[in-house]
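Peer 1: when you get a sec, could you give me coordinates for this:
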Amino acid sequence: MSTVNFVIGDVTIESEWRDTPTARKLLEALPIESSGSYWGDEFYFDVPVVAGPEKDATDVVDPGTVAYWTAGHCLCLFWGPTPASRGGECRAASAVNIVGQVTNVEDLQKLRARSVRVEPA
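Peer 2: This next block holds a predicted model:
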């Protein structure tokens with residue numbers, strides 16, 4: 001398991017990553033700098049990594065999930081409903097590979113900036 005930080009504006013989001021093929025590809029690409037967007041309570045941004053769906057890819061995730069969206073080559077942070085959600089669930093636009101989990105989930109609600117740097121902790 002690897003520890004990775006997302007620096008989004010003046011907020012640092014800490015995460016623990018799984019040992020998966022997608023996570024390994026992303027770790028090899030660090031550090032990554034990008035500009036993100038918000039889709040409900042999801043922050044997502046382009047990354048220079050291409051990966052296909054893993055066997056456990058899903059479109060509904062837990063709050064605090066770090067995921068890779070294969071359809072858009074984006075890394076995503078979820079903390080609440082998106083426009084695709086049914087009720088209060090965290091739902092991606094389509095299946096995502098789960099990469100890890102945010103350890104300071106409550107700080108996700110503070111996100112407002114678009115600039116992001118992803119780096120090993």
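Peer 1: how about the contacts made by the closest residue in space to Leu27 that isn't next to it in sequence?
Peer 2: Among residues not flanking Leu27 along the chain, Ser2 sits closest, at 5.8 Å (C-beta to C-beta, 6 or more residues apart in numbering). Using the backbone N, CA and C atoms, a C-beta is placed for each residue, glycine as well. Applying C-beta atoms under 8 Å, 6 or more residues apart in numbering, we find Ser2 in contact with 16-17, 19, 23, 27, 100, 120.
Peer 1: pLDDT on stretch 77-94, on average?
Peer 2: Stretch 77-94 shows a mean pLDDT of 97.
Peer 1: and it, how far out from the chain middle?
Peer 2: 13 Å (C-alpha atoms, centre = their mean, to the nearest Å).
Peer 1: determine which residue lies closest to the centroid of the chain.
Peer 2: Nearest to the mean C-alpha position of the chain, by C-alpha atoms, centre = their mean, lies Cys76 at 2.7 Å.
Peer 1: which strands or helices does the one helix or strand that residue maps to pack on?
Peer 2: In the assignment (DSSP states H and E), Cys76 maps to strand 74-78. Counting contacts by 3 or more C-beta pairs under 8 Å, 6 or more residues apart in numbering; DSSP states H and E, strand 74-78 packs against strand 42-46, strand 65-69, strand 90-102.
Peer 1: nearest to Val11, of these?
Peer 2: Taking C-beta to C-beta as the criterion, Val11 comes closest to strand 42-46 out of the helices and strands packed on strand 74-78, the separation being 10.2 Å.
Peer 1: any idea where the helices of this protein begin and end?
Peer 2: Assigned by DSSP state H, the chain shows helices spanning 21-29.
Peer 1: partners of the residue nearest to Leu27 in the sheet?
Peer 2: Trp17 (DSSP bridges).
Peer 1: per-residue confidence for the residue nearest to Lys110 when sequence neighbours are not counted?
Peer 2: In this structure, Lys110 finds its nearest non-sequential neighbour in Val11, 5.1 Å apart by C-beta to C-beta, 6+ apart. For Val11, the pLDDT comes out at 98.
Peer 1: what's the local residue count around Val11?
Peer 2: 16 (other C-beta atoms under 10 Å).
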